[in-house]
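*Asks:* Pasting the sequence and the predicted coordinates here, then a few questions.
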Amino acid sequence: MDNVKPKVGAQLIVWGERAAKDLGGVLDEVASLSYAGVEMGPEPLDKLADPKEPFSSRGLALVGLHIGVGDMKLVDTCIRLLRKCEARYLLFSGAGGRGNTEKEYREGSKFMKSAASRARDFGIKVCYHNHHQEIVDGARGIKIICSEVEPELLTLCVDTFWVQYAGDSPVRFLEENIDRVSYLHLKDLRGKEFVELGQGVVDFPGVFKAIEGREIEWAVVEQDTTKRTPKESMGISRDYLKKLGL
């Protein structure tokens, strides 16, 4: 298979509440930084008559919507929005609830399996986004989720920050789980601090080496917090990826 590089998207979390209050202004900044698409939550798209227009008018794609586990009505809202925007990905996180017990992971997995069955009917792919709690203890949480939900229903969105934060290697984790991975969150850290890509310890050249030859359509840059402006931080990360050929 040819080595097709993933498209680069931006997660809007770093813009905070502004993403909901001034979506157009935020998307202007995203487009100016040469990102191809956007991942976000369903707000404020669920209030727009034409949720696709803010993206298409700026040459952007909606990549996917990211929500927590437990609200099937919200799942249906997201499916409706994704269809209107011609987007393909619904991302979940937090399957382990508050305690991250085996019971909670199994209950969360059952919910995601049901949601994924609904989404599949509309050509929407469901991914699970990890935090550190699913990676610790030999990736116990991820293993439970993957054992409970079939790969044709649920794949992984690997977040590089949280794998590293948990004491694992993102490169090693990707190599071990690559058959289940369909989506990336690119995030860097220094100590326990969120930093721009290339400013921390994550081996991003190794990350991209690990996914060579795989059908991973999107690599989405995410930085939860910043000491700079959101545009400046996301610009630094985008420039770093350009140096890596993305």
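*Replies:* It's in. Everything quoted here is computed from the prediction, not taken from an experiment.
*Asks:* tally of neighbours for residue 198?
*Replies:* Residue 198 is flanked by 15 other residues according to other Cβ atoms under 10 Å. In short, each C-beta sits where N, CA and C put it, glycine included.
*Asks:* So it, which state does it fall into?
*Replies:* On the three-state scheme (DSSP: H, G, I helix; E, B strand; the rest coil), residue 198 is labelled coil.
*Asks:* Enumerate every residue touching it.
*Replies:* When contacts are counted by Cβ atoms under 8 Å, 6 or more residues apart in numbering, residue 198 touches 188, 204, 236-237, 240, 243.
*Asks:* Now residue 45. Its backbone dihedrals?
*Replies:* Here is the backbone geometry of residue 45 (degrees, to the nearest 10): phi -60, psi -30.
*Asks:* Give me the pLDDT for it.
*Replies:* The confidence metric pLDDT takes the value 98 at residue 45.
*Asks:* residue contacts, it?
*Replies:* Residues 51, 62, 65, 81, 85 are the ones in contact with residue 45 under the rule Cβ under 8 Å, 6+ apart.
*Asks:* Reformat the residues you listed as JSON lines; add neighbour count, pLDDT and distance to residue 31.
*Replies:* As requested, these are exported to JSON lines (neighbours: other Cβ atoms under 10 Å; pLDDT from 0 to 100; distance: Cβ to Cβ, whole Å):
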{"residue": "51", "neighbour count": "21", "pLDDT": "98", "distance to residue 31": "17"}
{"residue": "62", "neighbour count": "24", "pLDDT": "99", "distance to residue 31": "13"}
{"residue": "65", "neighbour count": "25", "pLDDT": "99", "distance to residue 31": "19"}
{"residue": "81", "neighbour count": "19", "pLDDT": "99", "distance to residue 31": "20"}
{"residue": "85", "neighbour count": "22", "pLDDT": "99", "distance to residue 31": "16"}
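*Asks:* which pair in those spans the largest distance?
*Replies:* Distance extremes for these: the farthest pair is 51 and 65 at 10.2 Å, using Cβ to Cβ.
*Asks:* Which strand in the chain has the most residues?
*Replies:* Looking across the chain with DSSP state E, the single longest strand is strand 61-68.
*Asks:* List the strands paired with it, with their directions.
*Replies:* The strands beside strand 61-68 in its sheet (DSSP bridges) come out as strand 37-40 (parallel), strand 89-93 (parallel).
*Asks:* what does the longest one contact?
*Replies:* The one in question is strand 89-93. 39, 63-69, 75, 78-79, 82, 112, 115, 119, 124-131, 157, 183, 218.
*Asks:* From those, list the buried ones, please.
*Replies:* Buried residues within those, counting neighbours by 16 or more other Cβ atoms under 10 Å: 39, 63-67, 69, 75, 78-79, 82, 112, 115, 119, 124-131, 157, 183, 218.
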